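Peer 1: Quick one, structure for this:
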Amino acid sequence: MQAALLRAARQVSGLSIQSIYEAYPDCVIDVKAEQAALAEAEVLVLQHPFYWYSCPSLLKEWIDSVFEFGWAYAGGTALKGKYWMQAISAGGPAEAYRREGYNHFTIEELLRPFEQTAYLCGMIPLKPFLIQGARAQTEGSLLERAGEYALLLERLKEGRFPERHSSL
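Peer 2: Predicted coordinates for the structure are as follows:
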């Protein structure tokens, strides 16, 4: 699922795309290079699978390392006014992410720590792009969702932003 989204993203010209697992196979993040790239960006899209109600470990390490005290928050304003969005695939179906479902919370509720990170850094959180039931996607539905993702990225590149996060 994530590979299909990455292929779709790479078809959109003019984007800066980085796979942190490819860039940092040793898990040692070049914080200054990442901060320089973020300084140039208007929108940050974190694309990842939804693992145990969060992101993969290297992405969490990336956030913890790059969003430094005094640079991204606590007097730091490097990310202020930038847009934050997540593109997430979850193995569980949409009905699993409801109060009555086996996860007891919506994905949006489970993403609150990420939303708070955006707020702390003065960023503007956008509604996430979600693919739920990723394991059950057919080839056709996967291609359709990847196409929707590419269109969303085109719109973001053009400055056409989707609605803000649901808790706003």
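Peer 1: Quick check: the gap between Glu42 and Val31.
Peer 2: 21 Å (Cβ to Cβ, to the nearest Å). For every residue, glycine as well, the C-beta is placed using N, CA and C.
Peer 1: Can you tell me what sits against the biggest helix by length in the chain?
Peer 2: Criterion DSSP state H: the longest helix present in the chain is helix 139-157. When contacts are defined by Cβ atoms under 8 Å, 6 or more residues apart in numbering, helix 139-157 is touched by residues 1, 4-5, 7-9, 11-12, 14-15, 43, 45, 83, 85, 87, 129, 131, 137, 161-162.
Peer 1: In terms of neighbours, single out the busier of Glu42 and Val31.
Peer 2: A count of neighbours by other Cβ atoms under 10 Å puts Val31 above the other of Glu42 and Val31, at 14 against 11.
Peer 1: I figured that one hits Ala72, correct?
Peer 2: No. Assessed by Cβ atoms under 8 Å, Val31 is found out of contact with Ala72, at 10.9 Å.
Peer 1: Need the residues touching each of these two.
Peer 2: Jointly contacting Val31 and Ala72 under the rule Cβ under 8 Å, 6+ apart are Val66.
Peer 1: Can you classify Trp84 by secondary structure?
Peer 2: strand (DSSP: H, G, I helix; E, B strand; the rest coil).
Peer 1: related to what we said a few turns ago, mind listing what's buried in the longest helix of the chain?
Peer 2: 142, 145-146, 149-150, 152-153, 156 (16 or more other Cβ atoms under 10 Å).
Peer 1: what do you get for stretch 69-80?
Peer 2: Those would be 71-73, 76, 78-79, for stretch 69-80 by 16+ other Cβ under 10 Å.
Peer 1: With stretch 98-107 instead?
Peer 2: 103, 107.
Peer 1: Any idea how far apart the tips of it sit?
Peer 2: One end of stretch 98-107 to the other measures 8 Å (Cα to Cα, to the nearest Å).
Peer 1: Now the residue of the chain most remote from its centre. Its backbone dihedrals?
Peer 2: The outermost residue of the chain relative to its centre, with distances by Cα atoms, centre = their mean, is Glu100 at 25.9 Å. Main-chain dihedrals, Glu100, degrees, to the nearest 10: phi -90, psi -10.
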